[in-house]
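In: Fold the following and give me the result.
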Amino acid sequence: MHRCFPRSVAALLLLAAVAAQAAGPSRSQRNKLAQTQDAYVAAVRWSDFEAAEGFIDPERLRTHPLTDMERARYAQVQVSGYRERGSGAAADGSIERRMEIGVINRNTLAERTVMVSERWRWDPEARRWWQAQGLPDLWQGQ
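Out: Numbering: from 1, shown residues only. This next block holds a predicted model:
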């Protein structure tokens with residue numbers, strides 16, 4: 001009977017850890033997420049894509065670096081609006097948001113609206129959130 005006790009405790013601790021992960025981010029993580037998202041939105045809203053790039057997951061940037069042509073394309077647009085249209089937690093603990101972005105072409109002054117998805121990943125080592133989808137695709141369907 002005594003041999004089962006350590007296994008039961010270990011199983012309960014593992015179950016508690018899984019339940020804590022499933023419950024979502026801690027209050028501190030949620031506060032950091034809100035601050036990080038606010039700063040990211042401000043950068044994108046002011047069309048400062050160089051600053052916005054600092055919020056992108058380093059692994060994403062390593063596997064999908066921005067080209068000079070992509071940087072030039074971002075320089076040709078002005079963001080006129082940035083609104084959240086929905087959000088939720090994913091099974092892996094990341095946070096997903098659906099965003100509506102108003103975009104004005106600086107050359108033609110034509111405005112259009114695009115819907116983009118963001119996925120925010122908590123990095124326990126850096127103790128911060130990263131936007132794991134990359135910069136928004138403002139040229140969908142073009």
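
In: Every contact and neighbour count from this point should use C-alpha atoms.
Out: Fine.

In: Run through the strands of the protein in chain order.
Out: Counting by DSSP state E, the chain has strands at residues 77-89, 95-105, 111-123, 128-131.

In: ok, the second one: who's next to it in the sheet?
Out: Sheet partners assigned to strand 95-105 using DSSP bridges are listed as strand 77-89 (antiparallel), strand 111-123 (antiparallel).

In: export these to JSON lines and tack on mean neighbour count and mean pLDDT?
Out: Rendered in JSON lines, the data for those read as follows (neighbours: other Cα atoms under 10 Å; pLDDT from 0 to 100):
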{"stretch": "strand 77-89", "mean neighbour count": "16", "mean pLDDT": "96"}
{"stretch": "strand 111-123", "mean neighbour count": "17", "mean pLDDT": "97"}
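
In: Report the contact partners of Asn105.
Out: The contact partners of Asn105, by Cα atoms under 8 Å, 6 or more residues apart in numbering, come to Gln76, Val77, Gln78, Glu111.

In: what's near enough to touch Ser117?
Out: Taking Cα under 8 Å, 6+ apart as the definition of contact, the neighbours of Ser117 are Glu96, Arg97, Arg98, Met99, Gln133, Pro136.

In: now do 7 Å
Out: Under the criterion of Cα atoms under 7 Å, 6 or more residues apart in numbering, the neighbours of Ser117 are Arg97, Arg98, Met99.

In: looking at those residues, which has the most residues close by?
Out: The most crowded member of those is Met99, carrying 19 neighbours; neighbours defined as other Cα atoms under 10 Å.

In: Specify the beta-bridge partners of that one.
Out: Applying DSSP bridges to Met99, the residues it is bridged with are Glu84, Val116.

In: quick one: it from Arg62, how far?
Out: For Met99, the distance to Arg62 under the criterion Cα to Cα, to the nearest Å works out to 24 Å.

In: Ser87 too?
Out: Ser87 sits 26 Å away from Arg62 when distances are taken as Cα to Cα.

In: rewinding a little: will you turn the contacts of Asn105 into a markdown table that also has distance to Val44?
Out: Supplementary listing: those in a markdown table, determined by distance: Cα to Cα, whole Å:
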| residue | distance to Val44 |
| --- | --- |
| Gln76 | 13 |
| Val77 | 11 |
| Gln78 | 9 |
| Glu111 | 16 |
